[in-house]
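Q: the sequence and its predicted three-dimensional model are supplied below.
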Amino acid sequence: MSDQFLPFAYLQNKVVQFEDANVSVATHALHYGTAAFAGMRAQPDAKSPNHMALFRPELHFKRLSESAKLLGANITEDEIASKVADFIAANPSDKPYYVRPLVYASELGVVPKLHDVAFDVLVYGVYMGDYMASDGITCCIASWTRSEDRAIPLRGKISGTYVSSALAKSEAVNRGFDEAIFLNSRGKVAEGSAMNIFMVKNGVLITPPVTADILEGITRRSILELATELNIPIQEREIDRSELLLANEAFLTGTAARIAPINTIEQFNLPKERPVTTALAEALKNIVDQHSDQHQDWIVPFSARSE
Ligand SMILES: Cc1ncc(COP(=O)(O)O)c(C=O)c1O
(Lines give C-alpha, C1' and ligand atoms only; values in the text may rest on other atoms or scores of the structure.)
Protein backbone atom coordinates (compact mmCIF):
# COMPACT_ATOMS: atom_id res chain seq x y z
CA MET A 1 0.00 0.00 0.00
CA SER A 2 1.23 3.43 -0.88
CA ASP A 3 1.93 5.83 1.95
CA GLN A 4 1.36 8.87 -0.23
CA PHE A 5 -1.32 10.76 1.59
CA LEU A 6 -3.98 12.97 0.06
CA PRO A 7 -3.24 16.69 0.61
CA PHE A 8 -6.28 17.35 2.83
CA ALA A 9 -7.76 15.50 5.77
CA TYR A 10 -10.87 16.05 7.86
CA LEU A 11 -10.58 16.48 11.63
CA GLN A 12 -12.77 18.01 14.33
CA ASN A 13 -15.49 19.11 11.92
CA LYS A 14 -13.31 20.75 9.33
CA VAL A 15 -11.05 20.14 6.37
CA VAL A 16 -7.39 20.79 7.19
CA GLN A 17 -4.03 20.20 5.51
CA PHE A 18 -2.95 16.61 6.06
CA GLU A 19 0.17 17.81 7.92
CA ASP A 20 -2.02 19.75 10.36
CA ALA A 21 -4.41 16.85 11.09
CA ASN A 22 -2.86 15.82 14.40
CA VAL A 23 -4.21 14.61 17.74
CA SER A 24 -2.87 14.65 21.31
CA VAL A 25 -0.56 11.92 22.62
CA ALA A 26 -3.18 11.34 25.36
CA THR A 27 -5.97 10.46 22.91
CA HIS A 28 -7.99 7.57 24.31
CA ALA A 29 -8.26 5.69 20.99
CA LEU A 30 -4.50 5.72 20.54
CA HIS A 31 -4.05 3.79 23.78
CA TYR A 32 -7.05 1.46 23.79
CA GLY A 33 -8.10 0.95 20.17
CA THR A 34 -11.43 2.57 21.03
CA ALA A 35 -12.31 3.54 17.49
CA ALA A 36 -14.13 2.18 14.48
CA PHE A 37 -13.25 2.72 10.87
CA ALA A 38 -14.24 2.29 7.25
CA GLY A 39 -12.18 1.84 4.11
CA MET A 40 -13.49 2.81 0.69
CA ARG A 41 -12.00 3.16 -2.74
CA ALA A 42 -12.54 6.42 -4.63
CA GLN A 43 -11.72 6.66 -8.32
CA PRO A 44 -12.16 9.39 -10.91
CA ASP A 45 -15.74 8.97 -12.11
CA ALA A 46 -15.75 7.85 -15.76
CA LYS A 47 -19.18 9.37 -16.35
CA SER A 48 -19.22 12.58 -14.28
CA PRO A 49 -16.27 14.97 -14.70
CA ASN A 50 -14.96 16.48 -11.43
CA HIS A 51 -16.44 13.65 -9.42
CA MET A 52 -14.89 10.73 -7.57
CA ALA A 53 -16.84 7.47 -7.69
CA LEU A 54 -17.27 5.37 -4.53
CA PHE A 55 -18.36 1.72 -4.44
CA ARG A 56 -21.59 1.18 -2.46
CA PRO A 57 -20.79 4.01 -0.05
CA GLU A 58 -24.14 3.79 1.73
CA LEU A 59 -23.20 0.30 2.96
CA HIS A 60 -19.87 1.58 4.26
CA PHE A 61 -21.55 4.51 6.03
CA LYS A 62 -24.11 2.18 7.59
CA ARG A 63 -21.45 -0.26 8.78
CA LEU A 64 -19.39 2.54 10.27
CA SER A 65 -22.40 4.07 12.01
CA GLU A 66 -23.28 0.65 13.45
CA SER A 67 -19.66 -0.01 14.45
CA ALA A 68 -19.59 3.32 16.29
CA LYS A 69 -22.89 2.44 17.96
CA LEU A 70 -21.31 -0.72 19.36
CA LEU A 71 -18.75 1.56 21.04
CA GLY A 72 -21.48 3.82 22.38
CA ALA A 73 -20.88 6.62 19.88
CA ASN A 74 -23.90 8.10 18.16
CA ILE A 75 -22.87 9.09 14.62
CA THR A 76 -25.50 8.79 11.90
CA GLU A 77 -24.89 7.51 8.38
CA ASP A 78 -25.78 10.96 7.05
CA GLU A 79 -23.21 12.64 9.29
CA ILE A 80 -20.52 10.28 8.07
CA ALA A 81 -21.61 10.77 4.45
CA SER A 82 -21.42 14.53 4.80
CA LYS A 83 -17.90 14.43 6.28
CA VAL A 84 -16.70 12.06 3.55
CA ALA A 85 -18.29 14.36 0.95
CA ASP A 86 -16.37 17.35 2.40
CA PHE A 87 -13.17 15.30 2.35
CA ILE A 88 -13.64 14.28 -1.30
CA ALA A 89 -14.57 17.80 -2.35
CA ALA A 90 -11.21 18.96 -0.98
CA ASN A 91 -9.25 16.18 -2.71
CA PRO A 92 -9.94 16.01 -6.45
CA SER A 93 -7.61 13.50 -8.09
CA ASP A 94 -6.93 11.87 -11.44
CA LYS A 95 -5.65 8.79 -9.57
CA PRO A 96 -7.66 6.36 -7.44
CA TYR A 97 -7.36 6.64 -3.70
CA TYR A 98 -8.44 4.93 -0.51
CA VAL A 99 -10.64 6.85 1.92
CA ARG A 100 -10.30 6.07 5.62
CA PRO A 101 -12.95 7.54 7.94
CA LEU A 102 -12.33 6.86 11.65
CA VAL A 103 -14.76 7.43 14.52
CA TYR A 104 -12.43 7.59 17.50
CA ALA A 105 -12.56 8.24 21.24
CA SER A 106 -10.98 11.67 21.20
CA GLU A 107 -11.11 12.08 24.99
CA LEU A 108 -7.80 12.64 26.74
CA GLY A 109 -7.42 10.25 29.63
CA VAL A 110 -6.05 7.05 31.04
CA VAL A 111 -9.17 5.05 31.96
CA PRO A 112 -10.21 2.32 29.50
CA LYS A 113 -13.97 2.94 29.35
CA LEU A 114 -16.66 3.88 26.89
CA HIS A 115 -19.09 5.91 29.02
CA ASP A 116 -18.70 9.68 29.23
CA VAL A 117 -16.19 9.63 26.42
CA ALA A 118 -16.16 12.16 23.57
CA PHE A 119 -15.83 10.91 20.01
CA ASP A 120 -14.66 12.70 16.89
CA VAL A 121 -14.68 11.68 13.23
CA LEU A 122 -11.57 12.05 11.10
CA VAL A 123 -11.05 11.20 7.44
CA TYR A 124 -7.82 10.88 5.51
CA GLY A 125 -6.78 9.17 2.30
CA VAL A 126 -3.89 7.46 0.56
CA TYR A 127 -3.36 6.99 -3.16
CA MET A 128 -3.87 3.35 -3.97
CA GLY A 129 -3.41 1.35 -7.14
CA ASP A 130 -3.69 -2.45 -7.26
CA TYR A 131 -3.22 -3.64 -3.71
CA MET A 132 -2.53 -7.29 -4.41
CA ALA A 133 -1.43 -9.39 -7.38
CA SER A 134 -4.51 -10.43 -9.36
CA ASP A 135 -2.56 -13.45 -10.63
CA GLY A 136 -2.81 -14.99 -7.20
CA ILE A 137 -1.37 -15.02 -3.70
CA THR A 138 0.07 -17.49 -1.22
CA CYS A 139 -1.54 -17.98 2.17
CA CYS A 140 -0.64 -19.63 5.45
CA ILE A 141 -2.99 -20.65 8.22
CA ALA A 142 -2.44 -18.15 11.04
CA SER A 143 -1.23 -19.49 14.37
CA TRP A 144 -3.37 -16.72 15.90
CA THR A 145 -7.06 -17.49 16.32
CA ARG A 146 -9.61 -15.02 14.96
CA SER A 147 -11.16 -13.05 17.79
CA GLU A 148 -14.70 -14.00 18.77
CA ASP A 149 -17.89 -12.03 19.09
CA ARG A 150 -18.25 -12.76 22.79
CA ALA A 151 -14.86 -11.05 23.35
CA ILE A 152 -15.15 -8.03 21.05
CA PRO A 153 -18.09 -7.03 18.83
CA LEU A 154 -17.14 -8.40 15.44
CA ARG A 155 -20.18 -6.90 13.65
CA GLY A 156 -18.21 -3.71 13.94
CA LYS A 157 -14.98 -2.75 12.25
CA ILE A 158 -13.41 -1.91 15.60
CA SER A 159 -9.81 -0.70 15.64
CA GLY A 160 -8.67 -2.79 18.64
CA THR A 161 -9.56 -6.01 16.81
CA TYR A 162 -6.88 -5.29 14.25
CA VAL A 163 -3.98 -6.09 16.58
CA SER A 164 -4.88 -9.69 15.81
CA SER A 165 -4.97 -8.97 12.06
CA ALA A 166 -1.59 -7.27 12.23
CA LEU A 167 -0.05 -10.20 14.10
CA ALA A 168 -1.42 -12.69 11.57
CA LYS A 169 -0.41 -10.62 8.54
CA SER A 170 3.15 -10.14 9.76
CA GLU A 171 3.45 -13.77 10.75
CA ALA A 172 2.44 -14.68 7.18
CA VAL A 173 4.95 -12.31 5.59
CA ASN A 174 7.73 -13.39 7.97
CA ARG A 175 7.05 -16.99 6.95
CA GLY A 176 7.27 -16.05 3.25
CA PHE A 177 3.52 -15.95 2.47
CA ASP A 178 1.44 -13.04 1.23
CA GLU A 179 -1.55 -13.47 3.53
CA ALA A 180 -2.87 -15.29 6.57
CA ILE A 181 -6.11 -17.22 6.93
CA PHE A 182 -7.66 -17.19 10.38
CA LEU A 183 -9.48 -20.13 11.93
CA ASN A 184 -12.04 -19.12 14.53
CA SER A 185 -12.19 -20.34 18.12
CA ARG A 186 -14.25 -23.33 16.95
CA GLY A 187 -11.49 -24.32 14.54
CA LYS A 188 -13.47 -23.40 11.41
CA VAL A 189 -12.19 -21.20 8.59
CA ALA A 190 -13.06 -17.57 9.34
CA GLU A 191 -11.36 -15.10 6.98
CA GLY A 192 -8.09 -13.50 5.91
CA SER A 193 -6.27 -10.93 8.06
CA ALA A 194 -8.55 -8.20 6.67
CA MET A 195 -10.47 -9.94 3.88
CA ASN A 196 -13.30 -12.44 3.61
CA ILE A 197 -12.73 -15.88 2.15
CA PHE A 198 -14.54 -18.00 -0.43
CA MET A 199 -13.84 -21.45 -1.82
CA VAL A 200 -15.29 -23.38 -4.74
CA LYS A 201 -15.95 -27.09 -4.53
CA ASN A 202 -17.65 -29.03 -7.35
CA GLY A 203 -18.98 -25.80 -8.87
CA VAL A 204 -20.50 -24.53 -5.60
CA LEU A 205 -19.31 -21.22 -4.16
CA ILE A 206 -18.94 -21.58 -0.39
CA THR A 207 -18.18 -18.93 2.22
CA PRO A 208 -18.34 -18.96 6.04
CA PRO A 209 -21.62 -17.60 7.45
CA VAL A 210 -21.84 -14.22 9.18
CA THR A 211 -21.88 -16.11 12.50
CA ALA A 212 -18.38 -17.56 11.90
CA ASP A 213 -16.71 -14.56 13.59
CA ILE A 214 -16.11 -12.73 10.35
CA LEU A 215 -16.53 -9.09 9.44
CA GLU A 216 -19.54 -8.80 7.15
CA GLY A 217 -17.67 -7.54 4.12
CA ILE A 218 -19.31 -5.35 1.52
CA THR A 219 -17.30 -7.05 -1.23
CA ARG A 220 -18.39 -10.43 0.18
CA ARG A 221 -22.02 -9.36 -0.04
CA SER A 222 -21.52 -8.05 -3.59
CA ILE A 223 -19.86 -11.31 -4.68
CA LEU A 224 -22.76 -13.35 -3.30
CA GLU A 225 -25.20 -11.13 -5.21
CA LEU A 226 -23.19 -11.44 -8.45
CA ALA A 227 -22.88 -15.22 -8.05
CA THR A 228 -26.65 -15.52 -7.72
CA GLU A 229 -27.10 -13.51 -10.91
CA LEU A 230 -24.54 -15.71 -12.72
CA ASN A 231 -26.44 -18.83 -11.56
CA ILE A 232 -23.49 -20.03 -9.52
CA PRO A 233 -24.81 -22.12 -6.63
CA ILE A 234 -23.84 -20.59 -3.26
CA GLN A 235 -23.63 -21.92 0.27
CA GLU A 236 -22.98 -19.87 3.38
CA ARG A 237 -21.80 -22.54 5.78
CA GLU A 238 -18.91 -23.48 8.02
CA ILE A 239 -15.73 -24.56 6.27
CA ASP A 240 -13.23 -27.04 7.69
CA ARG A 241 -9.52 -26.43 7.26
CA SER A 242 -9.01 -29.64 5.25
CA GLU A 243 -11.88 -28.74 2.91
CA LEU A 244 -10.15 -25.49 2.11
CA LEU A 245 -6.82 -27.21 1.44
CA LEU A 246 -8.55 -29.46 -1.11
CA ALA A 247 -10.70 -26.74 -2.69
CA ASN A 248 -10.98 -26.43 -6.48
CA GLU A 249 -10.65 -22.65 -6.13
CA ALA A 250 -10.31 -20.19 -3.29
CA PHE A 251 -10.09 -16.41 -3.08
CA LEU A 252 -10.15 -13.52 -0.64
CA THR A 253 -12.33 -10.43 -1.01
CA GLY A 254 -12.07 -6.91 0.35
CA THR A 255 -12.35 -3.29 -0.67
CA ALA A 256 -8.63 -2.79 -1.23
CA ALA A 257 -7.81 -5.99 -3.18
CA ARG A 258 -11.36 -6.68 -4.44
CA ILE A 259 -10.71 -10.34 -5.38
CA ALA A 260 -7.36 -12.01 -4.63
CA PRO A 261 -7.22 -15.58 -6.00
CA ILE A 262 -5.30 -18.00 -3.79
CA ASN A 263 -2.59 -20.09 -5.45
CA THR A 264 -1.35 -22.01 -2.43
CA ILE A 265 -2.31 -22.55 1.22
CA GLU A 266 0.65 -23.71 3.32
CA GLN A 267 2.23 -26.45 1.13
CA PHE A 268 -0.99 -27.19 -0.79
CA ASN A 269 -1.24 -25.97 -4.38
CA LEU A 270 -4.70 -25.12 -5.64
CA PRO A 271 -5.60 -25.78 -9.31
CA LYS A 272 -4.51 -23.03 -11.72
CA GLU A 273 -7.83 -23.18 -13.56
CA ARG A 274 -10.36 -21.05 -11.69
CA PRO A 275 -13.44 -20.46 -13.82
CA VAL A 276 -15.72 -19.31 -11.01
CA THR A 277 -13.20 -16.88 -9.53
CA THR A 278 -12.49 -15.48 -13.01
CA ALA A 279 -16.18 -15.02 -13.84
CA LEU A 280 -16.85 -13.22 -10.56
CA ALA A 281 -13.71 -11.06 -10.78
CA GLU A 282 -14.66 -9.99 -14.31
CA ALA A 283 -18.24 -9.20 -13.33
CA LEU A 284 -17.06 -7.08 -10.41
CA LYS A 285 -14.35 -5.34 -12.45
CA ASN A 286 -16.83 -4.43 -15.19
CA ILE A 287 -19.01 -2.76 -12.59
CA VAL A 288 -16.25 -0.86 -10.79
CA ASP A 289 -14.65 0.21 -14.09
CA GLN A 290 -18.08 1.48 -15.13
CA HIS A 291 -18.12 -0.75 -18.22
CA SER A 292 -21.31 -2.51 -17.24
CA ASP A 293 -24.96 -1.51 -17.34
CA GLN A 294 -25.51 -3.75 -14.33
CA HIS A 295 -25.58 -2.31 -10.83
CA GLN A 296 -24.83 1.27 -11.83
CA ASP A 297 -26.32 2.21 -8.47
CA TRP A 298 -23.31 0.54 -6.80
CA ILE A 299 -21.10 3.36 -8.12
CA VAL A 300 -21.93 6.69 -6.50
CA PRO A 301 -20.36 9.99 -7.67
CA PHE A 302 -19.14 12.52 -5.09
CA SER A 303 -18.33 16.03 -6.22
CA ALA A 304 -14.62 16.87 -6.21
CA ARG A 305 -13.85 20.57 -6.54
CA SER A 306 -11.30 21.13 -9.29
CA GLU A 307 -8.21 23.11 -8.33
C1 LIG B 1 -11.47 -8.17 9.12
C2 LIG B 1 -11.98 -7.84 7.75
N3 LIG B 1 -12.68 -8.77 7.09
C4 LIG B 1 -13.18 -8.53 5.85
C5 LIG B 1 -12.97 -7.31 5.22
C6 LIG B 1 -13.55 -7.06 3.87
O7 LIG B 1 -14.60 -6.15 3.96
P8 LIG B 1 -15.00 -5.18 2.75
O9 LIG B 1 -15.30 -6.05 1.58
O10 LIG B 1 -16.20 -4.46 3.25
O11 LIG B 1 -13.84 -4.29 2.49
C12 LIG B 1 -12.24 -6.32 5.88
C13 LIG B 1 -12.00 -5.01 5.24
O14 LIG B 1 -12.69 -4.08 5.48
C15 LIG B 1 -11.75 -6.59 7.17
O16 LIG B 1 -11.04 -5.66 7.83
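A: Structure's in. What do you need?

Q: confidence score at the residue lying closest to Gly192 once chain neighbours are set aside?
A: Spatial nearest neighbour of Gly192, excluding adjacent residues (CB to CB, 6 or more residues apart in numbering): Leu252 at 4.5 Å. Heads up, the C-betas are built off the backbone N, CA and C, glycines and all. Leu252 carries a pLDDT value of 98.

Q: Gly129 too?
A: 79.

Q: got the contact list for Arg274?
A: Listed by CB atoms under 8 Å, 6 or more residues apart in numbering, the contact set of Arg274 reads 200, 248-249, 251, 261.

Q: my bad, should have said Ser292
A: Per CB under 8 Å, 6+ apart, neighbours of Ser292: 283, 286.

Q: confidence score at it?
A: Value for Ser292, per-residue pLDDT: 88.

Q: near the ligand, which residues of the stretch 101-250 of the chain are found?
A: With CB under 6 Å from any ligand atom as the criterion, the stretch 101-250 of the chain meets the ligand at residues 157, 191, 194-196, 215, 217-220.

Q: using a markdown table, lay out those together with secondary structure and neighbour count.
A: Rendered in a markdown table, the data for these read as follows (DSSP: H, G, I helix; E, B strand; the rest coil; neighbours: other CB atoms under 10 Å):
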| residue | secondary structure | neighbour count |
| --- | --- | --- |
| Lys157 | coil | 26 |
| Glu191 | strand | 27 |
| Ala194 | coil | 22 |
| Met195 | coil | 26 |
| Asn196 | strand | 23 |
| Leu215 | coil | 23 |
| Gly217 | coil | 25 |
| Ile218 | helix | 24 |
| Thr219 | helix | 20 |
| Arg220 | helix | 23 |
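
Q: buried residues of stretch 171-186, list them for me.
A: Using 16 or more other CB atoms under 10 Å as the test for burial, stretch 171-186 gives 171-172, 177-184.

Q: count of residues packed around Val110?
A: The tally of other residues near Val110 (other CB atoms under 10 Å) stands at 8.

Q: contacting residues for it?
A: So Val110 contacts 26, 31 (CB under 8 Å, 6+ apart).

Q: helix, strand or coil for it?
A: coil (DSSP: H, G, I helix; E, B strand; the rest coil).
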